[in-house]
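Novice: Turn this into a structure:
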Amino acid sequence: MSNSMYDVIIVGGGHNGLVAATYLAKAGKSVLLLEANESLGGATTSIRAFPDFDARLSRYSYLVSLLPDKIVQDLGLKFKTLQREVMSYTPLSENGDPTGLMVARAWNEETIASFESLSNGKEDMTAWQTFYDEIALFAQKIAPTFLEPLPTRQELKKHINLDPTWQYLMEEPIGKVISERFKNDFVKGVILTDALIGTFVSAFSMQANICFLYHLIGNGTGEWKVPEGGMGALVTELHRVALEAGVEIRCQAPVKKVESDNDKVTVTLENEEMIHSAYLLSNAAPQVLAKLRGIDPPASLEGAQMKINMLVKRLPEFKSGVNPKDAFAGTLHINESFSQLELAYQEAKNGQLPSTLPLEIYCHTLTDPTILSPSLQQEGYHTMTLFGIHTPAFLFDGNHDQQRKAAKDAAIQSLNQYLKDPIESVLAETPDGKKCIEVKSPLDIEAEIGLPRGNIFHKDLSFPFREENEKPGWGVETDNPRIFICGAGAKRGGGVSGIPGHNAAMAVLALD
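Specialist: Have a look, this model is predicted:
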């Protein structure tokens, strides 16, 4: 039986909750972490999605960019991320011939030839290098501020001191600068995708800018890396250091109610047990916290990404002739030209599943085969993660199972346009003949890990600054001085970062 009074109670055992708990415990605080499910991790879990096969897929979140090295070092995490040699491949058809845009991490002859094969490719290649050089400088200056008290807009702008880049990232719709500086529709689309993952908006919405910013500034490089051992390896390490620091952890402890007065916070569990603390940190979405507190929840955009996980016996061949190991090594973009993305958004906004579904696909095992058993590795198996873009939750409200199947069929049809071998022909099969493919709609994601309407950022992302009329702080404060947000719903939250967990812990420690 736990003590009845703690310095801090943390609701939610995702990676941010564990980060906050460990920082606080290492600072001498008594910390109780409550997790509703039977295991920790939330969206940062690895799971044997297909029980007949020893393959541990990162079911929900799958790549790491935003987790600062400082947090890894501060907490003593034995956690490693691996670099992908290829940034992206985009199969396409120009003048009826199957071809593609290959972008390697280290600019090489293949990447140059790939750009030059496209209409307006030479001009766009030069524009690409200039554009991303500008953003790289911006990232180096802004990333360290994410682990500091929240600056004002003007303080941050002055600190970065790159006014032209600030203008197109922070003040004007990202679709505008992409349209002005690039000509090829597919090149523009590859750039735009970073503004859309997790965000159901047009290229000309400022929400797209915020999403774009978070995708390109992580750790000062913006590089998206593969977690060695899968995302569950991060949770395992966070669990270890939390226990070593003295955090008390209780799983299968769903919270029913959160109340507070001038002296303490009281948490009532579903079993009616009452526990008290000086402060409460919520790793749950702000909408969930509001419900627990009995107040009106904040409004937010819906989640808009369908997730499909697959296990394949071998990688499929492409009509373009590209080596599948290169095509799948980075992010594979399918039907994601600028115009296709904008059309898909408009169709979905009007209540229709996009007629040509934009997709992003990632193969963990090409970079890190350790999530497969040795026998599966030897036999050439691979995991695949697919995101269906612009598939908002409301499209699944009417007839969920039917719409989920329709979305799955649309994704397969979209991908198969570019493959010699239909993806179905390479899917692993269980002994009873079932294909190893699982589909998670935004509503499934809400039901399974509590993300409101499947929104992977919990709520609308916000710029990493405060306005002049907002109170100073860490971007984790609520209307109640004893309650803080330590999850993705904080300012500078979103993604697998640990940043809001760190900042919520610092906000509490600053009160001593």
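
Novice: Ser65: what's it in contact with?
Specialist: 215, 218-219, 222-225, 495 (Cβ atoms under 8 Å, 6 or more residues apart in numbering). C-beta here means a position set from N, CA and C on the backbone, and glycine is covered the same way.

Novice: Quickly name whichever of those is closest to Glu448.
Specialist: Ranked by distance to Glu448 (Cβ to Cβ), the contacts of Ser65 are led by Gly495 at 19.0 Å.

Novice: what's the burial count for that closest one?
Specialist: For Gly495, the count of nearby residues is 25 (other Cβ atoms under 10 Å).

Novice: again with the one 4 residues further on
Specialist: Other residues within reach of Ile499, judged by other Cβ under 10 Å, total 31.

Novice: got the contact list for it?
Specialist: 16, 66, 68, 71, 146-147, 492-493.

Novice: Turn these into a markdown table, columns for pLDDT, distance to Lys440 and neighbour count.
Specialist: Shown next, in a markdown table, are the contacts of Ile499 (pLDDT from 0 to 100; distance: Cβ to Cβ, whole Å; neighbours: other Cβ atoms under 10 Å):
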| residue | pLDDT | distance to Lys440 | neighbour count |
| --- | --- | --- | --- |
| Asn16 | 95 | 21 | 33 |
| Leu66 | 85 | 22 | 22 |
| Pro68 | 92 | 28 | 19 |
| Ile71 | 95 | 28 | 21 |
| Phe146 | 96 | 29 | 24 |
| Leu147 | 97 | 32 | 17 |
| Arg492 | 94 | 26 | 26 |
| Gly493 | 90 | 21 | 28 |
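
Novice: would you list every one of the helices in the stretch 201-350 of the chain?
Specialist: Using DSSP state H, counting those that start in this stretch, the helices assigned to the stretch 201-350 of the chain run over residues 206-216, 232-245, 286-293, 324-327, 338-349.

Novice: Kindly compare burial across the ones you listed and name the winner.
Specialist: helix 206-216 (a mean of 23; mean count of other Cβ atoms under 10 Å).

Novice: circling back: of the helices of the stretch 201-350 of the chain, which is nearest Leu395?
Specialist: Closest of the helices of the stretch 201-350 of the chain to Leu395 is helix 338-349, at 6.4 Å (criterion: Cβ to Cβ).

Novice: Show me the contact partners of the closest one.
Specialist: By Cβ under 8 Å, 6+ apart, helix 338-349 touches 175, 178-179, 185-186, 188-189, 192-193, 196, 200-203, 304, 353-358, 389-392, 395.

Novice: In helices, which of those residues fall?
Specialist: 175, 178-179, 185-186, 188-189, 192 (DSSP state H).

Novice: Would you mind giving those as JSON lines with pLDDT and distance to Ala208 added?
Specialist: What follows is these, written out as JSON lines (pLDDT from 0 to 100; distance: Cβ to Cβ, whole Å):
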{"residue": "Gly175", "pLDDT": "98", "distance to Ala208": "7"}
{"residue": "Ile178", "pLDDT": "98", "distance to Ala208": "10"}
{"residue": "Ser179", "pLDDT": "98", "distance to Ala208": "13"}
{"residue": "Asp185", "pLDDT": "97", "distance to Ala208": "17"}
{"residue": "Phe186", "pLDDT": "96", "distance to Ala208": "18"}
{"residue": "Lys188", "pLDDT": "98", "distance to Ala208": "13"}
{"residue": "Gly189", "pLDDT": "97", "distance to Ala208": "13"}
{"residue": "Leu192", "pLDDT": "97", "distance to Ala208": "8"}
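
Novice: Among these, the buried ones, what's the ChimeraX command?
Specialist: Here is the ChimeraX selection string for the buried members of the ones in helices among the contacts of helix 338-349, based on 16 or more other Cβ atoms under 10 Å:
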select :175,178,185,186,188,189,192
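
Novice: Distance to Gln417 for the ones in helices among the contacts of helix 338-349 - can I get that in TSV?
Specialist: Below are the ones in helices among the contacts of helix 338-349 laid out as TSV (distance: Cβ to Cβ, whole Å):
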residue	distance to Gln417
Gly175	25
Ile178	24
Ser179	26
Asp185	16
Phe186	14
Lys188	20
Gly189	15
Leu192	20
